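[1] no sequence on this one, just coordinates:
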């Protein structure tokens with residue numbers, strides 16, 4: 001990421017280009033795990049390479065390489081230039097209109113240079129947490145793990161841009177499986193589709209609730225074996241943040257991606273029920289609904305100072321007081337559509353070009369009080385937490401989600417724990433049934449992974465949300 005790369009790049013020639021850039025990515029991960037019966041594992045991974053981008057004659061081309069020598073970089077730029085020249089004659093967009101930024105700046109996660117435990121110390125920490133899991137024949141499997149990932153990106157441009165962004169992500173996880181009498185139940189730290197990931201160091205363990213959680217999660221897995229199935233019917237629904245995470249992601253985040261709205265994803269990841277004419281006036285939900293794109297929250301999973309095309313990242317409302325204001329589209333999608341967007345052109349590694357991706361997409365806290373206040377305001381309802389499965393149509397409109405754990409609410413009080421809780425709805429109808437949004441005391445920073453693009457890109461997405469209440473939702477139980 002230092003002088004050797006810049007010296008190699010200084011020897012590269014890109015004749016006829018009106019803009020070029022090189023994005024160098026180095027990704028290192030260490031994973032430590034402890035499983036039932038004392039099984040330990042550790043894994044190390046490293047991935048490094050660079051993507052050359054060339055704009056020439058109004059076209060754009062890309063080429064990736066793991067060979068960072070002068071010859072390797074020159075070969076990548078030659079291939080990118082050739083592709084740009086071909087696309088100039090056939091492309092739908094003239095890249096001479098593209099406002100290519102060239103920032104000179106840097107960004108670093110909290111504690112990115114802090115010392116972390118050795119492998120032996122990580123396993124001691126996991127063993128201490130695992131000691132709280134009860135000795136019970138119904139606990140048939142469990143895994144505790146932590147992943148530490150360091151990602152360095154350097155972005156260099158023909159206009160003198162030089163941007164270095166360094167991220168450290170810590171992902172602790174707990175999964176416990178209980179089984180008896182032909183029934184199995186799984187409880188996790190944050191839901192099967194969510195991640196308890198934050199940027200930072202050891203403080204993340206406490207921030208996401210990992211510390212001291214293994215025993216409780218195991219007890220809840222056993223509790224679910226004995227719990228009745230969730231009753232079918234229409235009820236008020238109280239969702240905790242680790243399920244709101246996926247609800248926001250699927251029924252707001254994906255529908256607002258501008259490349260999807262423009263049709264780029266239809267043959268792979270689907271389209272959107274949102275159309276370009278809706279921005280500025282469409283009522284997405286009730287006035288309680290305030291959704292922000294905010295890559296400035298230091299600990300959140302997808303925080304950064306600039307996106308992967310050099311656009312400066314700033315907090316912006318996508319939905320304000322229920323009205324749709326802007327989409328999730330980077331500079332290219334904004335130029336193509338004429339719609340307002342955000343700095344969210346992102347890549348998952350060195351060998352992928354940037355596309356519109358969610359980053360930190362958050363529901364702002366409301367004024368309806370604490371979790372106990374939200375429960376007290378429900379006459380007949382159900383609390384659900386920790387996603388276990390999801391399904392949503394290709395337009396991100398009709399959906400069905402299931403959770404790991406539910407609890408009935410009767411006359412303002414939490415009562416019976418129930419297993420296999422699920423609910424279904426239609427995105428706009430659901431958000432227009434939003435009845436209460438908890439205050440900052442109910443807010444949690446969580447996240448998820450997300451797949452999109454051709455070739456496919458799995459990427460890390462952040463979501464922060466308080467607890468929230470929805471009226472008159474169709475609720476159902478799973479396999480009985």
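    Everything's here; your move. As the structure is a prediction and not an experimental result, all values here were calculated from the model. Numbers count the residues shown, from 1 in each chain.

[2] does residue 219 touch residue 136 like I think?
    No. Counting by CB atoms under 8 Å, residue 219 sits too far from residue 136 to count as a contact (9.1 Å). Every residue, glycine included, has its C-beta placed from N, CA and C.

[3] between these two, point out the one with more neighbours.
    Taking neighbours as other CB atoms under 10 Å, residue 219 and residue 136 compare with residue 219 leading, 18 against 13.

[4] burial count for residue 55?
    Residue 55: 25 surrounding residues under other CB under 10 Å.

[5] please compute how far the lengthiest helix in the chain lies from its chain's middle.
    The helix spanning the most residues in the chain, taking DSSP state H as the definition, is helix 70-90. In terms of CA atoms, centre = their mean, to the nearest Å, the centre of helix 70-90 is found 32 Å from the chain centre.

[6] in it, what's buried?
    73-81, 83-85, 87-88 (16 or more other CB atoms under 10 Å).

[7] now the helices: where do they sit in the protein?
    3-10, 70-90, 119-130, 203-207, 214-226, 241-248, 258-261, 331-337, 371-376, 427-431.

[8] got CSV for these, with mean pLDDT too?
    Output for the helices of the chain, formatted as CSV (pLDDT from 0 to 100):
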stretch, mean pLDDT
helix 3-10, 85
helix 70-90, 96
helix 119-130, 95
helix 203-207, 93
helix 214-226, 97
helix 241-248, 95
helix 258-261, 95
helix 331-337, 95
helix 371-376, 98
helix 427-431, 97
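
[9] and these as CSV, adding distance to residue 407?
    What follows is those, written out as CSV (distance: least, CB to CB, whole Å):
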stretch, distance to residue 407
helix 3-10, 54
helix 70-90, 55
helix 119-130, 25
helix 203-207, 24
helix 214-226, 10
helix 241-248, 13
helix 258-261, 35
helix 331-337, 42
helix 371-376, 9
helix 427-431, 21
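
[10] quick one, which of those helices is packed in tightest?
    Of the helices of the chain, the one with the most neighbours on average (mean count of other CB atoms under 10 Å) is helix 241-248, at a mean of 27.

[11] list the contacts of that helix.
    190-191, 193-194, 239, 291, 361-363, 384-387, 390, 401, 403, 442-444, 446-448, 463-468 (CB atoms under 8 Å, 6 or more residues apart in numbering).

[12] of the residues you listed, which belong to strands?
    194, 239, 291, 361-363, 384-387, 390, 401, 403, 444, 446-448, 463-465, 468 (DSSP state E).

[13] re the thing from before, save the buried residues of helix 70-90 as a markdown table, and put in distance to residue 173 too.
    Formatted as a markdown table, the buried residues of helix 70-90 follow (distance: CB to CB, whole Å):
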| residue | distance to residue 173 |
| --- | --- |
| 73 | 38 |
| 74 | 43 |
| 75 | 40 |
| 76 | 37 |
| 77 | 41 |
| 78 | 44 |
| 79 | 40 |
| 80 | 39 |
| 81 | 44 |
| 83 | 40 |
| 84 | 43 |
| 85 | 47 |
| 87 | 42 |
| 88 | 47 |
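
[14] looking at the residues you listed, spot the one nearest residue 437.
    The shortest gap between residue 437 and any of the buried residues of helix 70-90 belongs to residue 87, at 45.5 Å (CB to CB).

[15] tell me the contacts of that closest one?
    Counting by CB under 8 Å, 6+ apart, residue 87 makes contact with 59, 60, 61.

[16] the longest helix of the chain versus helix 3-10: what angle between them?
    50 degrees (axes from the mean of the first three to the mean of the last three CA atoms, to 10 degrees).

[17] touching, residue 402 and residue 478? I think so.
    Yes. Shown here, residue 402 and residue 478 form a contact pair, counting by CB under 8 Å, at 6.0 Å.

[18] quick one, which of those two is more surrounded?
    The residue with more neighbours, out of residue 402 and residue 478, is residue 402; 22 against 14, by other CB under 10 Å.

[19] the closest residue to the more buried one other than its chain neighbours: neighbour count?
    Excluding its sequence neighbours, the residue lying closest to residue 402 (CB to CB, 6 or more residues apart in numbering) is residue 422, at 3.9 Å. For residue 422, the count of nearby residues is 21 (other CB under 10 Å).

[20] and residue 422, what does it touch?
    Residue 422 sits next to 230, 400, 401, 402, 403, 475, 476, 477, 478 when contact means CB under 8 Å, 6+ apart.

[21] rerun that using 7 Å as the cut-off
    Shown in contact with residue 422 (CB atoms under 7 Å, 6 or more residues apart in numbering): 400, 401, 402, 476, 478.

[22] is it in a bridge, and if so with what?
    Taking DSSP bridges, one obtains residue 402, residue 476 as the residues bridged to residue 422.
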